[in-house]
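**Student:** for reference, the sequence and a predicted model appear below.
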Amino acid sequence: MRTKVITAALALFMGISLPSLAEAANAYATGSVNMRTGPGTEYARIGTIPAGATVTIRGCLTGYSWCDVSFAGRRGWASSNYLQALYQNRRRPIIHVGPIIGLPIISRPRPPHWGHRPRPPHWGHRPRPPHHGRPPRPQPR
């Protein structure tokens, strides 16, 4: 009876802790890395991760080109070209070890309204249509 209780408790503990292991992994910046609001250089820079700093990877795009990371209380995106993870006691590029260590794949990045996505240059400089797009009311005669 006692063995069954211990086995059940162990199974419960593993069931709770294993999903959290698949959700995040630690990585190291190989140089100064720009943290951005989205996965690409066209997104705004929200900070810089210094060389050698430890970041938490929440997931990466297919192909492991960009990763959703947390650093110093902020969350953003970093190019995996500058991130390495520990695998077999050595730091290796994320693009090579991401699938091996089980980094989650993010099929759709966070929506742009979660950060400041660059706007087309004409935004804020367009003339507004009269009456906000509604036709004017006919004047009484």
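**Tutor:** Yep, it's here.
**Student:** identify the bridge partners of residue 75.
**Tutor:** Per DSSP bridges, the residues bridged to residue 75 are residue 70.
**Student:** how many other residues sit next to it?
**Tutor:** Other residues within reach of residue 75, judged by other Cβ atoms under 10 Å, total 16. (Each C-beta comes from the backbone N, C-alpha and C, glycine too.)
**Student:** that one touches residue 59, doesn't it?
**Tutor:** No. In this structure, residue 75 is not within contact of residue 59 by Cβ atoms under 8 Å, at 11.4 Å.
**Student:** shared neighbours, the two?
**Tutor:** Here residue 75 and residue 59 have residue 68 as joint contacts, going by Cβ atoms under 8 Å, 6 or more residues apart in numbering.
**Student:** wait, a strand at residue 84?
**Tutor:** Yes. Under DSSP: H, G, I helix; E, B strand; the rest coil, residue 84 sits within a strand.
**Student:** going forward, begin numbering at 120 instead of 1
**Tutor:** Sounds good: first residue 120 from here, last item residue 203.
**Student:** isn't it up against residue 211?
**Tutor:** Yes. Using Cβ under 8 Å, residue 203 is in contact with residue 211, at 5.9 Å.
**Student:** mind listing the helices for the chain?
**Tutor:** For the chain, the helices defined by DSSP state H cover 121-142, 213-220.
**Student:** now tell me which of those helices the model trusts least on average.
**Tutor:** Mean pLDDT across the helices of the chain is lowest at helix 121-142; the value there is a mean of 45.
**Student:** what's the distance between residue 221 and residue 179?
**Tutor:** To residue 179, residue 221 is 11 Å away according to Cβ to Cβ, to the nearest Å.
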